Structures are given as C-alpha cells and as structure tokens.
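> Predicted model and sequence below, questions to follow.
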Amino acid sequence: SAPLPNMCFCPTGGIGLHNYQAYLAIPQVACVGSSAVVPSLAALRSDRSDLVAMFKKVYAPLN
C-alpha cells in the first residue's frame, strides 16, 4: 500500500487468525477477507454453534 497511500485495500490472500490484526493496523487496509477461519465442513453442518465460537474468537481481540 505504500506506493498508493490514498487508496484503501481489502487483502484476502494469506489472511488467518495469526495475522489479521496486523493487516487491520495498516491505515490503508479497510477490511480483510479469509476463508481460513471457517473450515468447509463446519459451514456445511446445520449446527452453527461451532461457527459462532469461531467468530467470537476472531472478533474478541477487536473489542
């Protein structure tokens, strides 16, 4: 983002629980996208409690 300081970005590659906060700390990063936080099998099950637990883990450090 350094060559384009007036643009906002939404990185989606290589984003995971281990580094999403570092990306969000960059002023030009408006948001991040990642499929790594939701395993495919968890998304297919009807019981969503595991998904809710994963989302809470992602959002907890942001509060």
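Received it, and whenever you're ready, just let me know what you need.
> Show me where this structure dips below the pLDDT cut-off.
The model of the chain has pLDDT under 70 over residues 1.
> Would you mind confirming that Cys10 is in contact with Val29?
Yes. Using Cβ atoms under 8 Å, Cys10 is in contact with Val29, at 7.4 Å. The C-beta positions use only the backbone N, C-alpha and C, and glycine is treated the same way.
> Show the end-to-end separation of stretch 43-61, please.
23 Å (Cα to Cα, to the nearest Å).
> Show me the contact partners of that stretch.
Applying Cβ atoms under 8 Å, 6 or more residues apart in numbering, the external contacts of stretch 43-61 come out as 17, 20-21, 37-38, 42.
> mind listing what's buried in that stretch?
By neighbour count with 16 or more other Cβ atoms under 10 Å, stretch 43-61 contains no buried residues.
> For that stretch, what is the distance to the chain centroid?
Distance, stretch centre to chain centre, for stretch 43-61: 13 Å (Cα atoms, centre = their mean, to the nearest Å).
> between Cys10 and Val29, which one's more packed in?
Between Cys10 and Val29, Val29 has the larger neighbour count (other Cβ atoms under 10 Å), namely 16 against 11.
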